[in-house]
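I need the structure of the sequence given here:
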Amino acid sequence: MKTVLLTGFEPFGGDSINPSWEVVRQYRYRRIDTADVVVCQLPCVFGRSAEVLNEAIDRYRPSLVLALGLAGGRQRISVERVAINVDDARIADNSQRQPIDRPVISGGPAAYFATVPIKAMVNAMLGAGIPAEVSQSAGTFVCNHVMYALLHRLAHMSGAARGGFIHLPYLPQQAAALANAPSMARETMEAGLEIAIQTALAVEEDLHIAGGTVS
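Numbering: from 1, shown residues only. All right, here's what the predicted structure looks like:
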């Protein structure tokens, strides 16, 4: 039986909720196609977030990991292409850490590319009428930190586990307190995530049968 690990973040920056966790926690104890879904909340803290993620990977040994985070101001569900080996925080994290121009992992590669089929996932969501896009930058805050740490860990594991990162817009209740901020209903984001998971699992199965790789 395959296992899909989904992660979302605790609230940060003064917010009382984080859409990534509000969406991810809806998947607790669910099954998608032939895969069991497990979920994990990550602290919005440099260093500790990667540690909690790695602990969850060790515990569940997933074949697919999708980490989710908030990108306030974006209008679409954003599937990230690349994570860079830089922590450069515009604001402090939830432990008041604010690294500037520091590597996520000392001596690590400059960047890692997502190993999930990002364009297929986006196209599937668009085909279902859900606003989605490929994003070329996961930023330099804790989201990028987690994406880089995830892909670094998977690159050094035996097996063929794949991983990626998805940014979500504000929830309507968050945007209501901001001027002209775009938002998306939780149910829409939840539906988009399910499509993304199904697409990634289907491509993984096709590649397993064909013996190929994700381009």
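
all strands of the chain, in order?
Applying DSSP state E to the chain gives strands spanning 2-9, 31-32, 35-42, 64-70, 77-80, 82-84, 111-113, 132-135, 162-168.

to L178, which of the ones you listed lies closest?
Using Cβ to Cβ as the measure, strand 64-70 is the one of these that comes nearest L178, at 12.8 Å. All C-beta spots, glycine's among them, are computed from the backbone N, C-alpha and C.

tell me where the model's unsure across the protein.
Applying pLDDT under 70 to the chain flags residues 204-215.

show me how far the lengthiest helix in the chain is from its chain's centre.
The single longest helix within the chain, with elements called by DSSP state H, is helix 186-210. With Cα atoms, centre = their mean, to the nearest Å as the basis, helix 186-210 stands 13 Å off its chain's centre.

ok and that helix relative to strand 162-168, angle-wise?
160 degrees (axes from the mean of the first three to the mean of the last three Cα atoms, to 10 degrees).

what sits up against helix 186-210?
Helix 186-210 is contacted from outside by 2, 4, 6, 19, 22-24, 26-27, 32-35, 37, 63-64, 66, 68, 77, 79, 116-117, 120-121, 124-125, 128, 130, 132, 160, 162, 164, 166, 168-169, 171, 212-214, using Cβ atoms under 8 Å, 6 or more residues apart in numbering.

buried residues in that helix, which are they?
Residues of helix 186-210 classed as buried: 186, 188-197, 199-201, 203-204 (neighbour count, 16 or more other Cβ atoms under 10 Å).

nearest to D93, of the residues you listed?
Minimum distance to D93 across the buried residues of helix 186-210 is 23.3 Å, recorded for M189 (Cβ to Cβ).

where's the closest one relative to Y148, distance?
Here M189 is placed at a distance of 23 Å from Y148 (Cβ to Cβ, to the nearest Å).

also M1?
Distance of M1 to Y148, computed by Cβ to Cβ: 29 Å.

neighbour count: the two, which is higher?
Counted by other Cβ atoms under 10 Å, M1 and Y148 do not tie: Y148 has more neighbours, with 26 against 7.

ok, the residue lying closest to that one once chain neighbours are set aside - contacts?
Using Cβ to Cβ, 6 or more residues apart in numbering and skipping residues adjacent in sequence, the residue nearest Y148 is A83, 3.8 Å away. The contact partners of A83, by Cβ under 8 Å, 6+ apart, come to 104, 111-112, 114, 138, 144, 147-148, 150-151, 165.

who touches the residue lying closest to A35 once chain neighbours are set aside in this structure?
Excluding its sequence neighbours, the residue lying closest to A35 (Cβ to Cβ, 6+ apart) is K2, at 4.0 Å. When contacts are counted by Cβ under 8 Å, 6+ apart, K2 touches 34-36, 62-64, 201.

and if you look at Q26?
186, 190.
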